[in-house]
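**Q** The following comprises the amino acid sequence and a computationally predicted model.
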Amino acid sequence: MPTISLPNKWEPRWYQFRLWNALQNEGKKRAIEIAHRRWGKDDVILHHTAIEAHKRVATYWHCLPEYEQARKAIWNAVNPHTGRRRIDEAFPEELRASKDEQQMFIRFKNGSTWQVIGSDRYNSLVGAGVAGVVFSEWALCNPSAWGYIRPMMEENDGWATFITTPRGRNHAKSMYDLARDNPRWFAEISTIKDTGALTQEQLDETLSEYSALFGEDIGRAQYEQEYECSFNAAILGAFYAREMLDVRNSGRIRTFDVRADVPVHRAWDIGVEDSTAIWWFQIHSGFIWIVDYYEAHNASVMHYAEVVKGKPYPSGKDYVPHDAKVREWGTIDKATPRTRIESMMLAGLNPAPPVTRSTDGDGHQAIRNTLPKCIFHTRTEEAGVSALESYRREWDDDHKTFKLKALHDWASHGAKAFQYLSQAWRDAPVEPEPEPEPPRHLEVGPGNTMTMNDAWQFGPQHSSRI
C-alpha cells in the first residue's frame, strides 16, 4: 500500500509560512489572515485541515459566505497551475472512504469527515465532534455563524481560522483588531507589496480592468481593497457606505449605559421560514441610542419573547412590518393559526400598530436620514452594524452594473429591521408606560370571526398609527 505524506506534494510559499507555522508548529487555535487576492489562503487551510483530520478523528468544516457559492469556490475549484481540483490535491483519493458530491462531503478512512458549508445556513448545522472550521471570505460571511459555532470549538478544544480580503470596516476588521493584541491568536495583514506575488505589469492590468468595469474612482478603491488590503473602501454596492463610514469615523460605536428611566423599544423584521432580526433602541439627549441586536432563524414567537424578557432594559413598544397583521407566524398553539401581532400579544410582547408600508427607495432614504442621529453600542457591532455595512445591491454580471434591488443574503434581515426602526422612531414614546396586561380571551380559530380591530382591544391601546 503506497505511503501518503501530508501535506500532499505541497509546501507553503515563503509569505504563507507565518500562517502555516502558527497553525502547524505553534499550535495556535485561532488565526485571522487578511491577505490580497491570489495569496493562496484556501490552499493553506485545506492542507492544514488534511493534516489535522489525520491527527485527530473529528468533523471539520470549510465555510463560505453562501452555500450555493461554495461548490464553485471550493468544491469544484481547479488549481490553474496543476489543472487538478484543489480538494483532490489536499485530500488524496487514497485517504478517502467515501465522497458525496451533492452534500460536498468527504469521509476519510480514519473516520474523520470534512464538509463545505455556508454561513447563510449556519444554524441548520449539527456539530457533534467538530474540531476545526475555517471561514473563507470571512468579511462577507454572516458573523452570527461564528457565534453559533464557537461553543462547539470551545467544548471540543478545536481550532478556527478566518481568511479574507477586506470588505470595509466590518466584523473582519473588528476581529483583526481584537486578535492582534491577543496572544492566543495569530493575526496578519499581507498586502501585495508585502508578498510581491504579482508583477507590476500584472497589477497595472488588474487596476485597468477594475477601472473599466466599475469606473476610475470605484475601480481604484476596489483594487486598493483587494490587493493593498485597505479597509477604507466600502463594500461595493453597499447602500449605506457613506453613512456607516461616518458612524465609525465619528466614534458613534461605543459602550454606554442604558437609561433606566427611558423605555427601550424594539424594531423587528419577522421571518416565517427566514431569519427574524430585532433592534433595541431608546431616545434621549437628542440621539437614538442603539442598545442591542439579536437575530435567529426558524424560531417561534415564544423564543423571541423569552429573549426580549431576558434583557435588562425598561420595556417599550415592538415595531413590526406592515404585513404582521395579515401573515401567520410560528404560534404558541400550532393547531390555531394566528397573525403575527396576535401571537406577539399572547407571548406578552407590546406590538405597536404596524409600520406603514413603503417603497424600497423610501425605506433606504429613511435609514440614511436616521443613521446620523444614531449611537450604536459595541455589542451591536459584530452582527447588527455589520449587516448595515454589508447590505448591498445585487450585481448584474451581464450588464456589468448594479441592479436597483438589494441582494438578499444574511445582511438583509438586520437592514430591514433597521428600516422599520427608521420609520418608527419619531413616534416612539420617550417616557415609560405601565406594563401591559396579557390578553385574557384571545381565541382565533375555525368559526371565529375576530378581526384585527377586535384583536387590538386585548392589548395596549394606541393613540395613532405610524
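**A** Sure thing, it's come through. Because the structure is a prediction, the values reported are computed rather than measured. Numbers count the residues shown, from 1 in each chain.

**Q** Other residues contacting stretch 279-287?
**A** Applying C-beta atoms under 8 Å, 6 or more residues apart in numbering, the contact partners of stretch 279-287 are 258-259, 262-267, 288-293, 311, 313-314, 316, 373-375, 380, 384, 414, 417-418, 421, 425, 428, 430. No exception for glycine: its C-beta is placed from N, CA and C like everyone else's.

**Q** buried stuff in it?
**A** W279, W280, F281, Q282, I283 (16 or more other C-beta atoms under 10 Å).

**Q** what about it, distance to the chain center?
**A** 24 Å (C-alpha atoms, centre = their mean, to the nearest Å).

**Q** How many neighbouring residues does D409 have?
**A** By other C-beta atoms under 10 Å, 18 other residues sit near D409.

**Q** how about the residue nearest to the spatial centre of the chain, what does it touch?
**A** With distances taken as C-alpha atoms, centre = their mean, the residue of the chain nearest its centroid is N142 (2.0 Å). Contacts for N142 were tallied using C-beta under 8 Å, 6+ apart; they are P65, S119, D120, Y122, A383, D409, W410, A411.

**Q** Quick one: the helices in the stretch 201-350 of the chain, in order.
**A** Counting by DSSP state H, counting those that start in this stretch, the stretch 201-350 of the chain has helices at residues 216-227, 241-249, 301-309, 340-346.

**Q** right, I mislabeled it, should have said the stretch 351-466 of the chain
**A** Using DSSP H, counting those that start in this stretch, helices in the stretch 351-466 of the chain cover 360-370, 386-390, 411-424, 452-456.

**Q** K109 is in contact with E93, isn't it?
**A** No. With contact taken as C-beta atoms under 8 Å, K109 and E93 are classed as non-touching, separated by 10.6 Å.

**Q** Across the sheet, point out what pairs with A187.
**A** I32 (DSSP bridges).

**Q** My read is that it contacts A22, right?
**A** No. Here A187 lies out of contact with A22, judged by C-beta under 8 Å, at a distance of 9.4 Å.

**Q** can you list residues touching both of those two?
**A** Counting by C-beta under 8 Å, 6+ apart, the residues touching both A187 and A22 are A31.

**Q** For the closest residue to K193 other than its chain neighbours, the count of nearby residues, please.
**A** Leaving out its chain neighbours, the residue that sits closest to K193 by C-beta to C-beta, 6 or more residues apart in numbering is E228, at 7.0 Å. By other C-beta under 10 Å, 17 other residues sit near E228.

**Q** Would you mind giving both backbone torsions of E228?
**A** Dihedral angles of E228 (phi, psi; degrees, to the nearest 10) stand at phi -100, psi 0.

**Q** quick one: it from D318, how far?
**A** From E228 over to D318 the distance is 45 Å, taken as C-beta to C-beta, to the nearest Å.

**Q** How about S119?
**A** 28 Å.

**Q** Looking at those two, which one has more neighbours?
**A** Between S119 and D318, counting by other C-beta under 10 Å, S119 is the more crowded of the two (26 against 22).

**Q** ok, back up a step: confidence-wise, which of the contacts of N142 comes last?
**A** When the contacts of N142 are sorted by pLDDT, the bottom entry is Y122 at 80.

**Q** Tell me if I'm right that that one and P143 touch.
**A** No. The pair Y122 / P143 is not scored as a contact, 10.0 Å apart, by C-beta under 8 Å.

**Q** ok, back up a step: next, format the helices of the stretch 201-350 of the chain as CSV and append mean neighbour count and distance to K9.
**A** Formatted as CSV, those follow (neighbours: other C-beta atoms under 10 Å; distance: least, C-beta to C-beta, whole Å):
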stretch, mean neighbour count, distance to K9
helix 216-227, 18, 28
helix 241-249, 17, 43
helix 301-309, 17, 49
helix 340-346, 25, 57
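
**Q** Turn those into TSV, including distance to D323.
**A** Output for these, formatted as TSV (distance: least, C-beta to C-beta, whole Å):
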stretch	distance to D323
helix 216-227	35
helix 241-249	27
helix 301-309	15
helix 340-346	8
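
**Q** Can you add distance to E394 and mean pLDDT and give these back as a markdown table?
**A** Putting these into a markdown table (distance: least, C-beta to C-beta, whole Å; pLDDT from 0 to 100) gives the following:
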| stretch | distance to E394 | mean pLDDT |
| --- | --- | --- |
| helix 216-227 | 16 | 86 |
| helix 241-249 | 16 | 88 |
| helix 301-309 | 29 | 94 |
| helix 340-346 | 27 | 88 |
